[in-house]
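K.L.:
okay, sequence plus prediction incoming.
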Amino acid sequence: MNKLILKAGREKSLKRRHPWVFSGAVSKVEGQPQPGETIEVRASDGALLARAAYSPQSQIRARVWTWGNEEVDAGFFARRIGDAARVRAALGIDSATDSMRLVHGESDGLPGIIADRYGDTAVVQFLSTGAERWRHAVADALCSVPGIERVWERSDADVRALEGLEPRSGLMRGSAQNTQRTLHEHGLKFRVEIEHGHKTGFYLDQRDNRLLLRNLTRGKDVLDCFSYTGGCANNALHGGAASVVALDSSAPALELARVNAVLNGLAEAEFIEADVFQALRKMRDQGRKFDVIVLDPPKFAPTAAHAEKASRAYKDINLLAFKMLRPGGCLMTFSCSGGVSGELFQKIVAGAALDAGVDARVERWLHAAPDHPVALNFPESAYLKGLLCRVAG
Ligand code: SAH
């Protein structure tokens, strides 16, 4: 097997089982491994540390498949995916939903591989050269998960370009009459567009936070910013909100949000196609007030290099939201930026409250649902952080 030899002293993070080898840690590569090929990672003294997938074009030069002598073959992927599925079954969330994240990349020992389940359909993303090389073994393994009859690929995320990979999507296994699925989540139904929706189609990580929101909204005026297909807006209506305004810049997402209201027999929210930054300013100038505001923007900072610009954007929308909350109102605010830590996000929100002139407290720290686990040695995968803040009454 070809080998990647680390510079002296650069084996420390691997010994703590962090699964990435950065280009700056590499002393030399022996042989001529192809993109995605499995290589041995060795310390400068020659000690074998791991077997990893080689990514010649990426700053993340290798991603660890296994810390042992385990063979990386189709059986390896079958075992890892079987383990991931058993962990999900043990969560006991199948009474709450028929849809969940089945494979969460590094945290399931499968770097570069994401798979979400919508009922009988797995939607998979291959985001690195190593994942790409094993895509058929992964698709076969997903078909062995009880209840999965179809595998759809959505490898069209931007990060593939960093690995020199072209976007690809389409059916991999099974047959598909149409590309819409209806998922069930805490008693509500949501239509998911698996061919054209964002990522794999739905933001499953927000499941528990949407339920929490539902329980805060009886009789309240609610503003759902970055609404996508109305996950939060429709939960607020189901919870008995007096009124719901939902903002998103995507017309197709809002169209599906309306379909989702009808599917659940809910009154329709006021869905507005708008840029949230502009719409919030307009509403503030009009003197609009709400009891509950949700801010669930897309990631503003993919890496720490974008943190400063992202901080200004988070501060801006959080400040405007605090200004529009009635006394005693709640702000549910999120960041899914890998480049913004939980601590930094809390500071940004605190600064926004201060500048808005409101006294606010955190009632709850919010995280992704448990089917999105975080390997202790890989905190990077805890990308979603949120705060439920209440302003003084
Ligand atoms: N809360 C949603 C998920 C939000 S995803 C749920 O529970 O399902 C983020 C959304 O922000 C996407 O739908 C995207 O279309 C929208 N978006 C991104 N930038 C925007 C902007 N500047 N103004 C309005 N919407 C925006």
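P.N.:
Ah, there it is.
K.L.:
now the helices for the stretch 51-200 of the chain?
P.N.:
74-90, 129-133, 135-143 (DSSP state H, counting those that start in this stretch).
K.L.:
mean pLDDT and mean neighbour count for those - can I get that in CSV?
P.N.:
Every residue, glycine included, has its C-beta placed from N, CA and C. Shown next, in CSV, are the helices of the stretch 51-200 of the chain (pLDDT from 0 to 100; neighbours: other CB atoms under 10 Å):
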stretch, mean pLDDT, mean neighbour count
helix 74-90, 98, 17
helix 129-133, 98, 24
helix 135-143, 98, 20
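K.L.:
near the ligand, which residues of this protein? Just list them.
P.N.:
Contact residues, the chain versus the ligand (CB under 6 Å from any ligand atom): 203, 206, 210, 226, 228-229, 231-232, 247-250, 253, 275-277, 296-298.
K.L.:
rerun at 5 Å
P.N.:
203, 206, 226, 228, 231-232, 248-250, 253, 275-276, 296, 298 (CB under 5 Å from any ligand atom).
K.L.:
using JSON lines, lay out the helices of the stretch 51-200 of the chain together with distance to residue 335.
P.N.:
What follows is the helices of the stretch 51-200 of the chain, written out as JSON lines (distance: least, CB to CB, whole Å):
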{"stretch": "helix 74-90", "distance to residue 335": "25"}
{"stretch": "helix 129-133", "distance to residue 335": "26"}
{"stretch": "helix 135-143", "distance to residue 335": "30"}
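K.L.:
and the residues of the chain next to the ligand, which are buried?
P.N.:
The neighbour count (16 or more other CB atoms under 10 Å) marks 203, 206, 226, 228, 231, 232, 248, 249, 253, 276, 296 as buried among the residues of the chain next to the ligand.
K.L.:
which two from the residues of the chain next to the ligand end up farthest apart in space?
P.N.:
206 and 275 (21.3 Å; CB to CB).
K.L.:
nearest to the ligand: which residue in this structure?
P.N.:
residue 231 (2.9 Å; CB to the nearest ligand atom).
K.L.:
from residue 385, how far out is that residue?
P.N.:
As judged by CB to CB, to the nearest Å, residue 231 and residue 385 stand 18 Å apart.
K.L.:
and for residue 184?
P.N.:
27 Å.
K.L.:
the more surrounded of those two?
P.N.:
Each of residue 184 and residue 385 has its neighbours counted (other CB atoms under 10 Å); residue 385 has more, 21 against 14.
K.L.:
which ones are touching that one?
P.N.:
Residues in contact with residue 385 (CB atoms under 8 Å, 6 or more residues apart in numbering) are 334, 335, 336, 340, 341, 342, 345, 365, 366, 367.
K.L.:
pretty sure the third one contacts residue 384?
P.N.:
Yes. With contacts counted by CB atoms under 8 Å, residue 336 reaches residue 384, the gap being 4.9 Å.
K.L.:
returning to that earlier point: including pLDDT and secondary structure, could the buried ones among the residues of the chain next to the ligand go into a markdown table?
P.N.:
Below are these laid out as a markdown table (pLDDT from 0 to 100; DSSP: H, G, I helix; E, B strand; the rest coil):
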| residue | pLDDT | secondary structure |
| --- | --- | --- |
| 203 | 98 | coil |
| 206 | 98 | helix |
| 226 | 98 | coil |
| 228 | 98 | coil |
| 231 | 98 | helix |
| 232 | 98 | helix |
| 248 | 98 | strand |
| 249 | 98 | coil |
| 253 | 98 | helix |
| 276 | 98 | helix |
| 296 | 98 | coil |
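K.L.:
include distance to residue 371 when you put those into JSON lines, please.
P.N.:
Output for these, formatted as JSON lines (distance: CB to CB, whole Å):
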{"residue": "203", "distance to residue 371": "12"}
{"residue": "206", "distance to residue 371": "12"}
{"residue": "226", "distance to residue 371": "22"}
{"residue": "228", "distance to residue 371": "19"}
{"residue": "231", "distance to residue 371": "16"}
{"residue": "232", "distance to residue 371": "19"}
{"residue": "248", "distance to residue 371": "25"}
{"residue": "249", "distance to residue 371": "28"}
{"residue": "253", "distance to residue 371": "23"}
{"residue": "276", "distance to residue 371": "28"}
{"residue": "296", "distance to residue 371": "18"}
